[in-house]
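*Asks:* Turn this into a structure:
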Amino acid sequence: MNHYRAVPLPLPSGRKLVWAVALFGLIALPSLSGCAAPGIQADPVYFPPPPTTPHVVHLKSFNRLDQIVPRRVGLLEALRGGPARPFVGKPAGIAFRDGHLFLCDTELNLVHDWDLATGKARRIGNRGDVLLSKPVAVAVDDGGQVYVADTGRGEVVEYDATGKYVGRFRRSGEDGYRPVALIVSDDRLYVADIGAHRIDVFSTDDGARVGEFGGTGSDPGRFYFPMGVATNGASSDIVVSDTMNSRVQVFSPSFNLLRTFGQAGNRYGDMGKPRHLAVGPDGVVFVADVEFAHVHLFNERGQLLMLLGGPEDKTGGTPMPVGVTVATSLPEPVAALVPDGFRADYFLFVTNSVAKKRISLYAVGTAR
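*Replies:* The predicted structure is shown next:
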């Protein structure tokens, strides 16, 4: 991902830019896309817009599974009034694994598991003895175990690949535990706790807490409301969004601070209130900023590459982005939404807590 074009940060009403930089704009082009299937078309918006070579294209925004994955309706379903239409109420954290999209829903208080290959759906955490209260983040490991940060319960709840409750993670003997973000990497579960402003590290094998880093403050290496955590697959570095300090901090696997980027302000490269984040296979860091209503793209050195989205509730916009996750590949027919002339290296999902359609899918790559 080279030759990104620098863009300004559109600010909320009433704030002034102190740097004059070239505007990016959100341009919805005439549809160049092919059909994923009859009735489902891409809605392309390019970032940056022509004549600059685009590196990201918005493909589709949706609230229901059947708005992104077509389903054939059988005769029996038709006689019963049509198929069920799985939908999300108020999405927060999001994860993708093996063709499945996992969505925390803070309105329905459950986690959706949407199979993007078959169009089938299930709900996790709304049955049994252990019910989710306020699920805000989700992570899935290679074996299909699902980990949910639940601020209402004050713990991380684990489910197996069938959706059955397995166990929970929290600091023993401590009240006020508030997990808001998490990521699983190998046999480690990293949990962002805004109660103590730190990252806790648990073993997924036995649930034991094996480490921590951070603590309250604005000094390097400390946090004030860490609300996003991700790992870099290539380096195993841990990337944390430090929300009220308006920055991102990167740590080694041994929890040593490597670098910090972003700061409060209204200049190019500054941040408002960063929330969840994700790291692409090329090392690009995607940061959802709820205050500036954009997703920031940084390289591994912390240099801002570009912005995508925007505050408008329209195609391609991100009026209040919260969750982000990366998919290295997507099943057909969803992958068929990529427009002709654009090479998708991987994909990005973004959730918004407000918008007519609150889940957005983007392809990351370059125009051919």
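
*Asks:* CA only for contacts and neighbour counts going forward, please
*Replies:* Noted.

*Asks:* for stretch 140-154, which positions count as buried?
*Replies:* V140, D141, Q145, V146, Y147, V148, A149, D150, T151, R153, G154 (16 or more other C-alpha atoms under 10 Å).

*Asks:* Helices along this protein, start to end?
*Replies:* 75-79 (DSSP state H).

*Asks:* Point out where it drops to low pLDDT.
*Replies:* Low-confidence segments of the chain, defined by pLDDT under 70, span residues 1-39, 72-84.

*Asks:* what's near enough to touch the residue nearest the centre of it?
*Replies:* In the chain, the C-alpha nearest the mean C-alpha coordinate belongs to V324, at 1.1 Å (C-alpha atoms, centre = their mean). By C-alpha atoms under 8 Å, 6 or more residues apart in numbering, the contact set of V324 is 93-95, 276-278, 286-288, 348-351.

*Asks:* Who's the closest spatial neighbour of it, skipping the chain neighbours?
*Replies:* V350 (4.6 Å; C-alpha to C-alpha, 6 or more residues apart in numbering).

*Asks:* Also V295?
*Replies:* That would be A288: by C-alpha to C-alpha, 6+ apart, it lies 4.6 Å from V295.

*Asks:* That neighbour contacts R275, doesn't it?
*Replies:* Yes - A288 is within contact range of R275, at 5.4 Å (criterion: C-alpha atoms under 8 Å).

*Asks:* Could you name every residue contacting both of these two?
*Replies:* With C-alpha under 8 Å, 6+ apart as the test, A288 and R275 both reach V322, G323.

*Asks:* More neighbours: the two, which one.
*Replies:* Between A288 and R275, counted using other C-alpha atoms under 10 Å, A288 has the larger neighbour count: 33 against 30.

*Asks:* Compute the distance between the more buried one and T315, please.
*Replies:* 17 Å (C-alpha to C-alpha, to the nearest Å).

*Asks:* residue ranges of the strands in the stretch 51-200 of the chain, please?
*Replies:* 56-62, 91-97, 100-105, 110-115, 121-124, 135-140, 146-150, 155-159, 165-169, 179-185, 188-193, 198-203 (DSSP state E, counting those that start in this stretch).

*Asks:* how about the strands in the stretch 201-350 of the chain?
*Replies:* Going by DSSP E, counting those that start in this stretch, the stretch 201-350 of the chain shows strands at 209-214, 226-231, 238-242, 247-251, 257-261, 274-279, 285-289, 294-298, 304-309, 321-327, 342-352.

*Asks:* For the second one, which outside residues touch it?
*Replies:* Spelled out, that is strand 226-231. By C-alpha under 8 Å, 6+ apart, the list of residues contacting strand 226-231 reads 180-183, 185, 190-194, 197-199, 237-244, 274-279.

*Asks:* switch to 6 Å and redo it
*Replies:* 180-183, 192, 237-243, 275-278 (C-alpha atoms under 6 Å, 6 or more residues apart in numbering).

*Asks:* re earlier: can you list the strands of the stretch 201-350 of the chain in TSV and add distance to E174?
*Replies:* TSV is the format used below for these (distance: least, C-alpha to C-alpha, whole Å):
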stretch	distance to E174
strand 209-214	13
strand 226-231	18
strand 238-242	23
strand 247-251	25
strand 257-261	26
strand 274-279	25
strand 285-289	30
strand 294-298	35
strand 304-309	39
strand 321-327	28
strand 342-352	31
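
*Asks:* wait, what's in contact with the residue lying closest to V354 once chain neighbours are set aside?
*Replies:* Counting by C-alpha to C-alpha, 6+ apart, the nearest residue to V354 once its immediate chain neighbours are dropped is M320, at 5.9 Å. By C-alpha under 6 Å, 6+ apart, M320 lies in contact with V290, A293, N352, S353, V354.
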